[in-house]
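A.B. asks: build me a model from this:
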Amino acid sequence: MKTTSLPRPSIVSADQWHTARLELLREEKKLLRLQDELAARRRQLPWVKLTKPYVFAGPSGPVTLADLFAGSSQLVIQHFMLGAGWDEGCKSCSFMLDHFNAAAVHLTARDVAFAAVSRAPLVEILPFKQRMGWNVNWVSSHDSDFNFDYHVSFTPDEMAGGKVYYNYGPREFPHEEAPGVSVFARAADGAIHHTYSTYGRGVEFIMGAYHILDLVPKGRDESGLDYGMEWVRHHDRYAQTTDEVATP
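C.D. replies: Reported below is the predicted structural model:
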């Protein structure tokens, strides 16, 4: 994989470093306060009450969107790029699900359920899930409008038109499946509401490995790549060379 050499910053005394670090700390605190403000505004978004019934294929049979809450009042869904007939799931979505898989048990403790949803039939999802060693709830929307309604799957006609509706606007997109995260809430009367969705780089919030890379001297080290996440592999593929790994 392509990587750059270490940067050559100024070499200073410990006291000079401390002064520079305090300056940066002030800016970091500003950013944290802004993030808190944006999070509060995100929670204050209006809700949309769902009227269409969605049914998914799960390992134990058909499940509704309400079933995915599993007793919680809040639900986070990862729109995972795995289309019908694909050999394996998207490596970038897999990178994201690696993080969700570890976080799911902690989310449950805060009244939040998690599920991954893909367009591929369940019979194609389960072998890949087993290969990756994930234990999260993962269902198929193959016979549902769910992916199309949340703009993460595109019809052949949409793809042929050159632009699809994704990330809240028309844009070119290279695949018939796209990544995203959607949030839902279930009221006391059982009504389900859509509260939030994010797409594109908006899904980076879950990718803790990126936040760690942002701390180190090379950063994400992606400037010389064809696209930002070109370096990412399925977690069982890092021992292989770039030529041995196919990009979906």
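
A.B. asks: contacts only, for the most centrally placed residue in the chain.
C.D. replies: Centroid check for the chain by CA atoms, centre = their mean gives Val203 as the closest residue, at 4.4 Å. Val203 is in contact with 96, 179-181, counting by CB atoms under 8 Å, 6 or more residues apart in numbering. To be clear about C-beta, it is placed using only N, CA and C from the backbone, and glycine gets the same treatment.

A.B. asks: ok, those residues vs Arg237, which is closest?
C.D. replies: Met96 (15.7 Å; CB to CB).

A.B. asks: can I take it that that closest one is in a strand?
C.D. replies: No - with DSSP: H, G, I helix; E, B strand; the rest coil as the criterion, Met96 is located in helix rather than a strand.

A.B. asks: Pro179 is in contact with that one, correct?
C.D. replies: Yes - Met96 is within contact range of Pro179, at 7.1 Å (criterion: CB atoms under 8 Å).

A.B. asks: the more surrounded of these two?
C.D. replies: Shown here are Met96 and Pro179; by other CB atoms under 10 Å, Met96 has more neighbours (25 against 21).

A.B. asks: which stretches of the chain have low pLDDT?
C.D. replies: Scanning the chain for pLDDT under 70 picks out 1-2, 240-248.

A.B. asks: so in it, which helix runs the longest?
C.D. replies: If you go by DSSP state H, the chain has its longest helix at helix 14-43.

A.B. asks: of the contacts of Val203, which belong to helices?
C.D. replies: Short answer: the contacts of Val203 in helices (DSSP H) are Met96.

A.B. asks: now, which of the contacts of Val203 lie within strands?
C.D. replies: 180-181 (DSSP state E).

A.B. asks: for Ser182, see how far away the residue lying closest to Ser118 once chain neighbours are set aside is.
C.D. replies: Distance criterion CB to CB, 6 or more residues apart in numbering; nearest residue to Ser118, sequence neighbours excluded, is Leu82 at 4.0 Å. Using CB to CB, to the nearest Å, Leu82 is found at 16 Å from Ser182.

A.B. asks: who has more neighbours, the two?
C.D. replies: Neighbours per residue, other CB under 10 Å: of Leu82 and Ser182, the larger number sits with Leu82, 26 against 20.

A.B. asks: re the thing from before, how about the residue nearest to Ser118, what does it touch?
C.D. replies: Leu82 touches 88-90, 93, 118-120, 124-125, 128, 177, counting by CB under 8 Å, 6+ apart.

A.B. asks: check those residues against Tyr238 and report the nearest one.
C.D. replies: Nearest member of these to Tyr238, counting by CB to CB, is Glu88, at 14.8 Å.

A.B. asks: hmm, Arg233 and the closest one touching each other?
C.D. replies: No - Glu88 lies out of contact with Arg233 (CB under 8 Å); the separation is 11.3 Å.

A.B. asks: so between these two, which is more surrounded?
C.D. replies: Neighbours per residue, other CB under 10 Å: of Glu88 and Arg233, the larger number sits with Arg233, 19 against 16.

A.B. asks: what's the separation between Asp145 and Gly133?
C.D. replies: 31 Å.

A.B. asks: residues contacting the residue nearest to His193 when sequence neighbours are not counted?
C.D. replies: Spatial nearest neighbour of His193, chain neighbours left out: Trp47 (3.9 Å); criterion: CB to CB, 6+ apart. The contact partners of Trp47, taken as CB under 8 Å, 6+ apart, are 185, 193-195.

A.B. asks: check those residues and tell me the two furthest apart.
C.D. replies: Pairwise over the contacts of Trp47, using CB to CB, the maximum falls at Ala185 and His194, 8.4 Å.

A.B. asks: got phi/psi on Asn147?
C.D. replies: Backbone torsions for Asn147, taken as degrees, to the nearest 10, come to phi -60, psi -40.

A.B. asks: didn't it look like it was pressed against Tyr166?
C.D. replies: No - checked against CB under 8 Å, the pair Asn147 and Tyr166 is beyond contact range at 11.8 Å.
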